[in-house]
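A.B. asks: This is a predicted model, with the sequence first.
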Amino acid sequence: MDLALLAVELLGTFAFAVSGALLAARKGFDVVGSLLLASMAGLGGGVTRDIIIGEGTPAAFSQPIYLAPVLVAVVLVLTGLLHETRLRRTLLVFDAVGLSLFCLTGTVIAYNAGLNEIACVLLGVTTAVGGGAMRDVVANETPQIFNPRGVYAVPAMFGAGLMVIVLSYELPLIWAGLVVSSLVFALRMISLKRGWRVPLAGRRSGRAAISDGGT
Amino acid sequence: MDLALLAVELLGTFAFAVSGALLAARKGFDVVGSLLLASMAGLGGGVTRDIIIGEGTPAAFSQPIYLAPVLVAVVLVLTGLLHETRLRRTLLVFDAVGLSLFCLTGTVIAYNAGLNEIACVLLGVTTAVGGGAMRDVVANETPQIFNPRGVYAVPAMFGAGLMVIVLSYELPLIWAGLVVSSLVFALRMISLKRGWRVPLAGRRSGRAAISDGGT
Amino acid sequence: MDLALLAVELLGTFAFAVSGALLAARKGFDVVGSLLLASMAGLGGGVTRDIIIGEGTPAAFSQPIYLAPVLVAVVLVLTGLLHETRLRRTLLVFDAVGLSLFCLTGTVIAYNAGLNEIACVLLGVTTAVGGGAMRDVVANETPQIFNPRGVYAVPAMFGAGLMVIVLSYELPLIWAGLVVSSLVFALRMISLKRGWRVPLAGRRSGRAAISDGGT
């Protein structure tokens, strides 16, 4: 794999792993639970992507370097160097960084594997939202992607779509990637701050609505 | 892939996608959550099947046409053309249609991939119940398959078993498929109406029993 | 596959399948739900392992013999020959047996597939904890791996690590396997009895802590 791509993968893994370790801390899990939740958040999206592409063992398993950012993330949270503020902003920031980097790497890796454009966008989004969704499902939380406050998958789709254009026109990947991921991150953070919403999915029957205020 | 088979796949995808979009509406998710839940319900079973068969990228990713029924389902629910009645019957009907079609396509696709008969039945059932289970797990509901009211996996097993016989004896696939899926659908709907139950799994210790009345 | 290895796989499958069937009984699921939960617990870890290794259809699907231990487990629980005591000790014992056997088979199978040492340990742990995690997630319980009382993944990592050493030095597999799995089992059971804990994952913000007393 290209070195720059690997670096972005590892950075995204780190960001999601931090979000997993922070959630583990909030739920009162122990260090091992933290390690597992951080692995799932950091590596789950990429493993899913690689399994879907179907070209042998996923990178996270065949390349041990992928474990390093997970370990660092767990240690940083364990030692309290990173911890959640009362507003849970830290978790959301790291989650947003992971989202913005993984929609990029997911799209590029799918493109390099020769998939068609639409599949590339789908895999970019899957990579970006997969790890976070596993993290939340396994920790028994309603996944962030379903939280009606702020947009989550939309910036990932937007970023994956832009990356497909960048790849098709053979634009300089590194610069384009920097711009696209910054855009995705900004979109996600602004949507949280402003409380942007997309329209609801249909008529509510008045039951079983999830609450608004958080994760 | 055979055109008739593809048509049935798309129809099943549509039916499950509607069930996902309806659940999203009931849970108060937004349009994007609806899209994701509809994709998971509509495509999850087939993607799992294709990953298990292990012959490259799952059809839902390599063939963009699979997205069409998901989009249509989400739009129909969003615009209110399809909505749940007070008794949640709509969701259950679409879910049953998906079940009856996917136990069929799952079995046929596994058979075409050269798997043994038992594996074909297993994959038929996996395809039929997989998407619905993902839908419910991700939306933090106890999966339909575990609801003691009505039978769910039994008709799917029955249908998958019949299809293996049909395939082994090289009976005309389209007519046989029509009969088998009608039987599965009828079995599921009658079981719901009559409240059929299979025996419980063991002695109850009196705790943690799930309630009866819903989902 | 080597016959001894297959035997251990089937024994581990049986142990986890019992844990699944017992959980199904406790949750008030019916026989079919029990069958599904037992399959998920017994076969989920191995199927995940085989999908990650990526060498064709997972053994649980291509070799029907894997279904036998699941069926036996469900029948034993259904007939009440196996049932939970008030302390839920039975479920935990079978879960521990499965854990100690699957960290072994997972590591050996990954090694035979030619993966590097670290990937072997990871896959051993994934095989060992995967089925139980699926069982708990699907049944809407917080996974055992996150229960702060007792250690769970640590013995599995320890056992997988030992097995990699055994394999690298070509020590006699059967005797070594017996010793390693006994150690893992003992470690797990003692940790439960003594209530061993590993340190928490970070500063608690005082909310959303999971309770201590059980599953």
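C.D. replies: Cool, the structure landed. Remember, predicted model here, so these are calculated numbers, not experimental data. Numbers count the residues shown, from 1 in each chain, chains lettered A, B, ... in the order given.

A.B. asks: Do you know the pLDDT at A:Q144?
C.D. replies: A:Q144 is assigned a predicted lDDT (pLDDT) of 80.

A.B. asks: Let me know whether it touches A:D136 as I believe.
C.D. replies: Yes: counting by Cβ atoms under 8 Å, A:Q144 does reach A:D136; the two are 5.9 Å apart. Backbone N, C-alpha and C define where each C-beta goes, glycine included.

A.B. asks: Of these two, which one has the most company?
C.D. replies: A side-by-side neighbour count of A:Q144 and A:D136, using other Cβ atoms under 10 Å in any protein chain shown, places A:D136 first with 26 against 23.

A.B. asks: three-state assignment of the more buried one?
C.D. replies: Three states are possible here, and by DSSP: H, G, I helix; E, B strand; the rest coil the one that applies to A:D136 is helix.

A.B. asks: Show me where chain A has its helices.
C.D. replies: Listed from the start of the chain, chain A has helices (DSSP state H) covering A:3-26, A:31-53, A:59-62, A:67-78, A:89-112, A:117-138, A:153-168, A:173-194.

A.B. asks: With distance to C:S191 added, can I get those in CSV?
C.D. replies: Compiled in CSV, the helices of chain A are given as follows (distance: least, Cβ to Cβ, whole Å):
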stretch, distance to C:S191
helix A:3-26, 19
helix A:31-53, 11
helix A:59-62, 27
helix A:67-78, 20
helix A:89-112, 29
helix A:117-138, 21
helix A:153-168, 40
helix A:173-194, 40
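
A.B. asks: closest one to B:A4 among the ones you listed?
C.D. replies: Judged by Cβ to Cβ, the one of the helices of chain A that comes nearest to B:A4 is helix A:117-138, at 23.8 Å.

A.B. asks: quick one, the closest one and helix A:3-26 angle?
C.D. replies: Orientation note: helix A:117-138 sits at an angle of 20 degrees relative to helix A:3-26 (axes from the mean of the first three to the mean of the last three Cα atoms, to 10 degrees).

A.B. asks: Can you show me the CA trace of helix A:117-138 as CSV?
C.D. replies: Once non-C-alpha atoms are left out, helix A:117-138 reads as follows in CSV (Å, rounded to 0.1, in the frame of the first residue of the first chain):
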residue,chain,number,x,y,z
GLU,A,117,-17.6,4.3,-9.0
ILE,A,118,-20.8,3.7,-7.1
ALA,A,119,-19.3,0.8,-5.2
CYS,A,120,-16.4,3.1,-4.3
VAL,A,121,-18.7,5.6,-2.8
LEU,A,122,-20.6,2.9,-0.9
LEU,A,123,-17.4,1.4,0.4
GLY,A,124,-16.1,4.8,1.4
VAL,A,125,-19.2,5.4,3.4
THR,A,126,-19.1,1.9,4.9
THR,A,127,-15.5,2.3,6.0
ALA,A,128,-16.3,5.7,7.5
VAL,A,129,-19.4,4.7,9.4
GLY,A,130,-18.8,1.0,10.0
GLY,A,131,-16.3,1.1,12.9
GLY,A,132,-18.4,3.7,14.8
ALA,A,133,-21.6,1.7,14.3
MET,A,134,-19.9,-1.5,15.6
ARG,A,135,-18.6,0.5,18.6
ASP,A,136,-22.0,1.7,19.4
VAL,A,137,-23.9,-1.5,18.8
VAL,A,138,-21.5,-3.6,20.8
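
A.B. asks: Could you export the helices of chain A to CSV, including columns for mean pLDDT and distance to C:L76?
C.D. replies: Listed next are these as CSV, based on pLDDT from 0 to 100; distance: least, Cβ to Cβ, whole Å:
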stretch, mean pLDDT, distance to C:L76
helix A:3-26, 93, 36
helix A:31-53, 93, 30
helix A:59-62, 92, 35
helix A:67-78, 94, 39
helix A:89-112, 92, 44
helix A:117-138, 92, 29
helix A:153-168, 94, 44
helix A:173-194, 93, 50
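
A.B. asks: would you list the ones you listed in CSV and tack on distance to chain C?
C.D. replies: As requested, the helices of chain A are exported to CSV (distance: least, Cβ to the nearest Cβ, whole Å):
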stretch, distance to chain C
helix A:3-26, 3
helix A:31-53, 3
helix A:59-62, 5
helix A:67-78, 4
helix A:89-112, 11
helix A:117-138, 6
helix A:153-168, 21
helix A:173-194, 19
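
A.B. asks: With C:A176 as the reference, name the closest of the ones you listed.
C.D. replies: helix A:59-62 (23.7 Å).

A.B. asks: and that closest one, what other elements does it pack with?
C.D. replies: Helices and strands touching helix A:59-62, as assessed by 3 or more Cβ pairs under 8 Å, 6 or more residues apart in numbering or on different chains; DSSP states H and E, comprise helix A:31-53, helix C:117-138.

A.B. asks: switch the cut-off to 6 Å
C.D. replies: In terms of contact count using 3 or more Cβ pairs under 6 Å, 6 or more residues apart in numbering or on different chains; DSSP states H and E, helix A:59-62 is assigned the packing partners helix A:31-53.

A.B. asks: what comes up buried for the helix it packs on?
C.D. replies: For helix A:31-53, burial by neighbour count (16 or more other Cβ atoms under 10 Å in any protein chain shown) applies to A:31-53.

A.B. asks: repeat for stretch A:52-62
C.D. replies: Using 16+ other Cβ under 10 Å as the test for burial, stretch A:52-62 gives A:I52, A:I53, A:G54, A:T57, A:P58, A:A59, A:A60, A:F61, A:S62.

A.B. asks: For B:S19, state which of those residues is nearest.
C.D. replies: B:S19 lies nearest to A:I52 out of the buried residues of stretch A:52-62, by Cβ to Cβ, at 22.8 Å.

A.B. asks: Report the contact partners of the closest one.
C.D. replies: Contact analysis of A:I52 by Cβ atoms under 6 Å, 6 or more residues apart in numbering or on different chains lists B:F61.

A.B. asks: again, only using 10 Å
C.D. replies: A:58, A:110, A:113, A:115, A:119, A:122-123, A:126-127, A:130, B:47, B:50-51, B:56-58, B:60-62 (Cβ atoms under 10 Å, 6 or more residues apart in numbering or on different chains).

A.B. asks: same question, A:A156
C.D. replies: In this structure, A:A156 makes contact with A:99-100, A:102-104, A:106-107, A:121, A:124-129, A:145, A:184, A:187-188, B:32, judged by Cβ under 10 Å, 6+ apart.
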